[in-house]
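> sequence unknown, structure follows:
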């Protein structure tokens, strides 16, 4: 993780080995075997090339496909706030990553540019950029992409019981409590 997201994870303690309590059994097994916390800080947002390096190594050395575009991963910028994020997303997509940008499409005035960032790049380099304002749709597209790539690599289907669950359940439980008990 890079940038502001990594700082938020650090504040929550997810960059510490003790954070294993929050990891599902599959992630925990890998992290404990390798000796890493569940979230790795890869630098500032402009250090995102480190993530692409890891993805490339997963493909070439780890045997997960032949290219970054084969990896079951998605680049997410749900609340991007500067043009720098668009440049980072372009680099990631041109390297073969599927990238979802939250909020509005800054080039929605040009159907041609939007088509190039999506369909054309996906055909040519395997990566693409999509703009999705709805967070629920973002999650659905992310999971669908990961499932598609896992299937192509003949990896087992995602099983939430094996791999854990998101932290959202905590908020659901909290909101179900009477106000005075929160």
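Alright, I've got the coordinates. Quick caveat: nothing in here was measured; it's all calculated off a predicted structure.
> can you give me the helices for this protein?
Remark: helices assigned in the chain by DSSP state H are 3-11, 25-34, 49-60, 83-94, 111-115, 121-125, 135-152, 160-163, 168-176.
> tell me what the fourth one is packed against?
Secondary structure elements in contact with helix 83-94, counted by 3 or more Cβ pairs under 8 Å, 6 or more residues apart in numbering; DSSP states H and E, are helix 49-60, strand 74-77, strand 98-101, helix 121-125, strand 128-131. Heads up, the C-betas are built off the backbone N, CA and C, glycines and all.
> circling back to that earlier point, of the helices of the chain, which is nearest residue 18?
With distances scored as Cβ to Cβ, the stretch of these nearest to residue 18 is helix 25-34 (11.6 Å).
> what comes up buried for that closest one?
Using 16 or more other Cβ atoms under 10 Å as the test for burial, helix 25-34 gives 27, 28, 31.
> nearest to residue 130, of those residues?
Each of those was scored against residue 130 by Cβ to Cβ, and residue 27 proved nearest at 25.9 Å.
> what's the closest of the buried residues of helix 25-34 to residue 92?
Distances from residue 92 to the buried residues of helix 25-34, taken as Cβ to Cβ, are shortest for residue 27 (22.3 Å).
> isn't that closest one up against residue 38?
Yes. At 5.8 Å, residue 27 and residue 38 qualify as touching, with contact defined as Cβ atoms under 8 Å.
> how many neighbouring residues does residue 111 have?
Using other Cβ atoms under 10 Å, the number of residues around residue 111 comes to 9.
> quick one: it and residue 125, what's the gap?
Computed as Cβ to Cβ, to the nearest Å, the residue 111 to residue 125 distance reads 20 Å.
> next one: residue 14
Computed with Cβ to Cβ, the distance linking residue 14 and residue 125 is 31 Å.
> all set, thanks.
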